[in-house]
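Q: what follows is a predicted protein model with its sequence.
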Amino acid sequence: MKLIPALIAVTLAGFGNAALAQEKVLNLYSARHYQTDEALYANFTKATGIKINRIEGKEDELLERIKNEGSNSPADVFLTVDAARLAKAHELGLFAPLASAVLEKRVPAHLRTEDWAAFSTRARVIVFNKNKVKAEDVQNYADLADPKLKGKFCSRSGSHPYNLSLMASVISHQGEARAEQWARGLVANFARSPKGGDTDQIKAVAAGECGVAISNSYYVARLMRSTKPEDIKVVEQIGIVWPDQAGTGTHINVSGGGVMKNAPNKAAAIKFLEYLASDDAQRYFADGNNEWPVVANVKVDNPALTKLGKFKADTLPVNNLAMYQAKAQIIFDRAGFK
Ligand code: FE
C-alpha cells in the first residue's frame with residue numbers, strides 16, 4: 001500500500017515533464033529552404049522558449065510524408081511555397097481550422113483561407129531584353145501571346161506551380177476559353193522549349209536568347225542585390241514590367257502555412273504562425289528573401305525591393321488559385337505548353 005502513492009507521484013511527475021517538454025518543442029515541416037529563415041526561427045525560440053524541430057524536404061515529399069504519417073504525424077505546422085501546394089494540403093484534409101484573431105487582423109482576407117494563411121508574397125513579373133523588345137509591347141500577360149513576340153518568349157515548364165497559379169488567375173479572371181487562347185499564343189511565341197528555372201529565363205533574356213520571359217520577383221531582386229560581375233551584367237540588360245497595371249493587377253503568389261489537424265502541440269503552432277505575422281518576422285521575409293510582407297505598413301529595408309517600387313497587385317483570393325490548378329494543367333497540356 002505504501003508503494004502506491006509513491007508510484008502515482010512518480011507517474012504524475014513524469015506526465016508533467018512530458019507535457020512541459022512537448023510544449024517547448026514545435027515540429028515544423030518546412031519546404032522553405034532559404035538560409036535567412038534560420039534567423040527567423042532562432043528569434044521565435046528566443047521570444048517564446050519554444051524550440052523548433054525543423055523537418056525539411058521538397059514540397060511534394062513533405063506533403064506525402066505528413067499524409068503517410070496519418071494520425072501519428074508529429075507535424076505541428078506545415079510551411080510551403082505556392083498556393084497550389086497549400087491547397088493540396090487542404091484537399092488532403094491535413095490542416096486544422098485556423099482560428100486566430102491575430103492572423104485575421106494582420107493577414108488580409110484574400111491572402112488566407114479557412115485553414116491556412118500566407119505570410120509573404122511574390123509577384124510574377126515580365127522581364128525583357130531592352131535591345132530586343134520594347135517595354136510598351138510587354139505591359140500585360142496577354143501581350144506575351146501577341147504574334148509580335150514570335151520566337152521571343154521563354155519560360156520554365158507549364159507544369160510548374162508558379163505557372164499553374166498564374167494560369168489559374170487567368171482562368172479566374174477571363175474564363176477557360178480565353179485562357180486557352182492565351183496559352184496557345186504563348187506556345188506559338190516560344191524562343192525555345194520550356195526548360196530551367198526562373199533565373200535561367202532571366203539570364204537567357206539578358207543573353208538575348210530570349211526577348212521576354214516571366215519570373216518570380218524575388219529571383220529578379222536576388223540578381224539586383226548580387227555583387228557578382230556576371231549578375232550585374234545580367235541586370236543591366238533587362239527591363240522589368242509589372243504586368244496588368246491598368247487591369248486586374250500583377251499576379252502574386254504566396255508562401256504560407258497552417259496548423260496540422262493532428263498537431264501534438266496546437267498551441268505552439270498557432271503561436272508560431274502568429275509570430276510569422278509579426279513585424280519582425282515580416283521584415284525577415286522581405287529583407288532576407290526579397291518577398292513582400294503580407295502585413296500592411298511593415299517597414300522593410302531592402303534596396304532591391306525599394307528600387308522595384310510599388311505596384312498594383314491582383315487581389316484575387318488565394319483560394320481561386322487553388323481552385324483552378326487542375327484546369328490550368330489541362331489547358332497548358334492542350335496548348336502544348338510542356
Ligand atoms: Fe522559387
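A: Received it, and whenever you're ready, just let me know what you need. Computed from a predicted model, the values in this text were never measured in an experiment.
Q: every contact and neighbour count from this point should use C-alpha atoms.
A: Fine.
Q: and the longest strand along the chain, which residues are buried?
A: What stands out as the longest strand in the chain, according to DSSP state E, is strand 117-129. Judged by neighbour count (16 or more other C-alpha atoms under 10 Å), strand 117-129 contains these buried residues: 117-129.
Q: also stretch 301-312?
A: 302, 304-305.
Q: one more: stretch 210-230?
A: Judged by neighbour count using 16+ other C-alpha under 10 Å, the buried positions of stretch 210-230 are 210-225.
Q: inside strands: which ones of the residues you listed?
A: In this view, these that belong to strands under DSSP E are 212-216.
Q: enumerate every residue touching residue 86.
A: Residues counted as contacts of residue 86 (C-alpha atoms under 8 Å, 6 or more residues apart in numbering) are 80, 116, 256-257.
Q: could you dump the buried residues of stretch 301-312 to JSON lines with distance to residue 53, secondary structure and pLDDT?
A: As requested, the buried residues of stretch 301-312 are arranged in JSON lines below (distance: C-alpha to C-alpha, whole Å; DSSP: H, G, I helix; E, B strand; the rest coil; pLDDT from 0 to 100):
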{"residue": "302", "distance to residue 53": "29", "secondary structure": "coil", "pLDDT": "95"}
{"residue": "304", "distance to residue 53": "32", "secondary structure": "helix", "pLDDT": "96"}
{"residue": "305", "distance to residue 53": "31", "secondary structure": "helix", "pLDDT": "95"}
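Q: what is the nearest of these to residue 143?
A: For these, the residue nearest residue 143 by C-alpha to C-alpha is residue 305; the value is 24.9 Å.
Q: for this protein, which spans come out with low pLDDT?
A: 1-23 (pLDDT under 70).
Q: can you map out the strands along it?
A: Going by DSSP E, the chain shows strands at 25-30, 51-56, 77-81, 117-129, 153-154, 212-216, 238-241, 252-259, 292-293.
Q: make TSV out of the ones in strands among the buried residues of stretch 210-230 and add distance to residue 69.
A: As requested, those are exported to TSV (distance: C-alpha to C-alpha, whole Å):
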residue	distance to residue 69
212	44
213	40
214	37
215	35
216	33
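Q: most widely separated two among these?
A: Using C-alpha to C-alpha, the two most remote members of these are 212 and 216, lying 13.6 Å apart.
Q: nearest residue to residue 197 in space, please, no chain neighbours.
A: Excluding its sequence neighbours, the residue lying closest to residue 197 (C-alpha to C-alpha, 6 or more residues apart in numbering) is residue 156, at 5.5 Å.
Q: next: residue 219.
A: The spatial neighbour of residue 219 that comes closest, neighbours along the chain excluded (C-alpha to C-alpha, 6+ apart), is residue 199 at 6.1 Å.
Q: what is the neighbour count of that neighbour?
A: Residues near residue 199, counting by other C-alpha atoms under 10 Å, number 18.
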